[in-house]
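Okay, predicted coordinates and the sequence, questions at the end:
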Amino acid sequence: MQVEAPPTGRTHGSAPTGLRRVRWWHERPLLLLCILFVAIAPLVTNRIYASDEIQYFAYTHSLFFDGDLDFSNQYLHFYESDRVKFERIYEDLYKKREPLTNLPLNVAPIGTGLLWLPSFSLAHGFVLAANSLGASIPADGYSQPYIAAICLTSYLLGCVGLLLCYSLARRYFTAWVAALSVVTMWLATPLIFYTVVAPPWSHATSLFAVILFLWYWDRTRTPDELRITNYELQERPGLGKVQPRTMRQWVLLGACAGLMMLVREQDALFILVPALEAVVRVWSAYQERMALVRQVAFSWVRGLVMMGVTAVAIFIPQLMAYRGITGAFGPSKVVTGKFNWTSPNFLNVLFAPDHGLVPWTPVVLLAVVGLVLLWRHDRLLTTGLAAAMFVQVYVAGSFLTWQSAGSFGQRRFINSTSIFVLGACALIAYALSHGVPKWVPAVVSLIFIAWNGGLLMQYALWCSPQRQGLDWSTVLRGQLEMPARALQLFWDYITDREKFYRSTRQC
């Protein structure tokens, strides 16, 4: 792997033209980022607890051991293991049946379960080998090696996704700016919770799938679209003449799109980015009155069709899962019944004091401001990301369950982490180019990380009713108390997770 580094002596945050090539291990910020990933790995919680986690896991376990989509025995296993803790699993999943198939509900997409299958299989092989040597580990798919395998897989995919975020940011910004932005958007947002504390959700895999798609889309763009010098947009005449990707590249981009759709259906909306690219290219050709404008349009449309066909082909396992569980090639009515196309909570999902994205995760507000500055780096990229962010807000506001009550923050926006990273990069680079010392954005980052860490520790201590929304008098009082309790809580997290998760017992 090779990455681009700025010439020696640069003080600004944006990457210049005339970049030299260096080996990745010569980039100290990237190495420090990888060291941080390794250091945090032992903190990953290896357990399955929430309803969504069980539904994702049910795919992996049932496909591996049973070869079917009847999750009755998976749901009953968890219920029988702790009838108090998993009472809602029995009531909401096992007892509620799809009318056409009489199978228990599973409204989770299949993609995360499929991504877990390789490591789950390795864990099974390990268990069998260990038992042959005298160990007595249950080879039933529920024992600790299996759970650890899927949790660590989610964490690993989340880290790979963050490295791809770094790689994407490095095409425009210096290594230090890219690394600081990645660390901030990991530790100061709900992403840290869903990669370390609760990895068996789909959000770490969603981050990986979305950034893989955006990263490959960006990598297959023509080089003259990418280079910016110190916030001065270079003249790039004749953009309508830019040739689209090869058919092979369109197919690979479609495969990435299909993976996004398998993990979370709403991630398919990021396909809007290459679609907007095609519109811009054809419009540029039209404005230049090119004689071959029809051929240009045909070339881009052909590429988009190839991408779409490939994406649908990759999405076939989900269509088959729909058919097997619901009896139709579509999601359960439990999902469609809680969706309102008018998006009545479009603004609430962003700004509601108790559940909104900005109150929960204020650092994203700065990142969105940075998107305005990113426009000066690459207008096509910024337009595509802004459009993708808009439709994500629209979809999140369309769900009757837009609050994500009981969750840590607005988890549905984790798939937009790459957007926040690039926005943060643009804002930091702008500040540095105007004489702000490096330590200032670093300190600001630490403040947001500390705020999010305090919220995470409070969340672990709150009873279930308190998790239904931010009560600001409780939050602010708790944030002031957290510094004095942080060391003890961290020790409890390392040595006794049940003690740390006080809310898992009677409050």
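That came through, no problem.

just for the stretch 1-150 of the chain, where's the confidence low?
Scanning the stretch 1-150 of the chain for pLDDT under 70 picks out the ranges 1-25.

can you map out the helices along it?
28-40, 51-61, 72-81, 87-89, 111-132, 144-170 (DSSP state H, counting those that start in this stretch).

what's the neighbour count on the residue nearest to Ala148 when sequence neighbours are not counted?
In space, and not counting its chain neighbours, Ala148 is closest to Asn46: 4.3 Å by C-beta to C-beta, 6 or more residues apart in numbering. The way it works is simple: take the backbone N, C-alpha and C, and place the C-beta from them, glycine included. Applying other C-beta atoms under 10 Å, we find 17 residues neighbouring Asn46.

Check Gly337 too.
Under the criterion other C-beta under 10 Å, the count of neighbours that Gly337 has is 8.

Model confidence for it, exactly?
Per-residue confidence for Gly337 comes out at a pLDDT of 78.

repeat for Thr504
So, for Thr504, pLDDT stands at 44.

Ramachandran coordinates for the residue nearest to Ala148?
Torsion angles at Asn46 (phi, psi; degrees, to the nearest 10) stand at phi -100, psi 80.

From Arg497, how far off is it?
9 Å (C-beta to C-beta, to the nearest Å).

Kindly export the host helix or strand of Gly423 (C-alpha atoms) in CSV.
Per DSSP states H and E, Gly423 falls inside helix 417-433. Output in CSV follows, covering the C-alpha atoms of helix 417-433 (Å, rounded to 0.1, in the frame of the first residue of the first chain):
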residue,chain,number,x,y,z
THR,A,417,-19.1,8.7,9.2
SER,A,418,-17.0,9.3,6.1
ILE,A,419,-19.0,12.4,5.3
PHE,A,420,-18.3,13.7,8.8
VAL,A,421,-14.6,12.8,8.5
LEU,A,422,-14.2,14.8,5.3
GLY,A,423,-16.1,17.7,6.7
ALA,A,424,-13.9,17.8,9.8
CYS,A,425,-10.8,17.6,7.7
ALA,A,426,-11.9,20.6,5.6
LEU,A,427,-12.6,22.6,8.8
ILE,A,428,-9.3,21.7,10.5
ALA,A,429,-7.3,22.4,7.3
TYR,A,430,-9.1,25.8,6.9
ALA,A,431,-8.2,26.7,10.5
LEU,A,432,-4.5,25.7,10.0
SER,A,433,-4.2,27.6,6.7
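
how far off helix 144-170 does that helix point, in degrees?
Angle of helix 417-433 versus helix 144-170, following axes from the mean of the first three to the mean of the last three C-alpha atoms, to 10 degrees, is 40 degrees.

so where's the stretch 151-300 of the chain uncertain?
Low-confidence segments of the stretch 151-300 of the chain (pLDDT under 70): 222-243, 287-292.

what about the helices in it?
Under the criterion DSSP H, counting those that start in this stretch, the stretch 151-300 of the chain contains helices at 175-187, 191-192, 203-219, 247-263, 272-287, 293-314.

So which bits of the longest one are buried?
This means helix 293-314. By 16 or more other C-beta atoms under 10 Å, the buried positions in helix 293-314 come out as 293, 296-297, 299-300, 303-304, 306-308, 310-311, 314.

what about the helices in the stretch 351-500 of the chain?
Secondary structure of the stretch 351-500 of the chain (DSSP H, counting those that start in this stretch): helices located at 357-360, 363-374, 379-398, 417-433, 439-461, 472-495, 497-500.

Regarding stretch 400-412, how distant is the last residue from the first?
One end of stretch 400-412 sits 13 Å from the other (C-alpha to C-alpha, to the nearest Å).

Give me the contact list for it.
189-190, 193-194, 197-198, 201, 203, 266, 338-340, 345, 348-349, 352, 354-357, 360-361, 392, 395-396, 455-456, 459, 464, 467-469 (C-beta atoms under 8 Å, 6 or more residues apart in numbering).

count of neighbours near the closest residue to Leu252 other than its chain neighbours?
The shortest distance from Leu252 to any non-neighbouring residue, by C-beta to C-beta, 6+ apart, is to Tyr216 (6.5 Å). Tyr216 has 18 neighbouring residues, counting by other C-beta under 10 Å.
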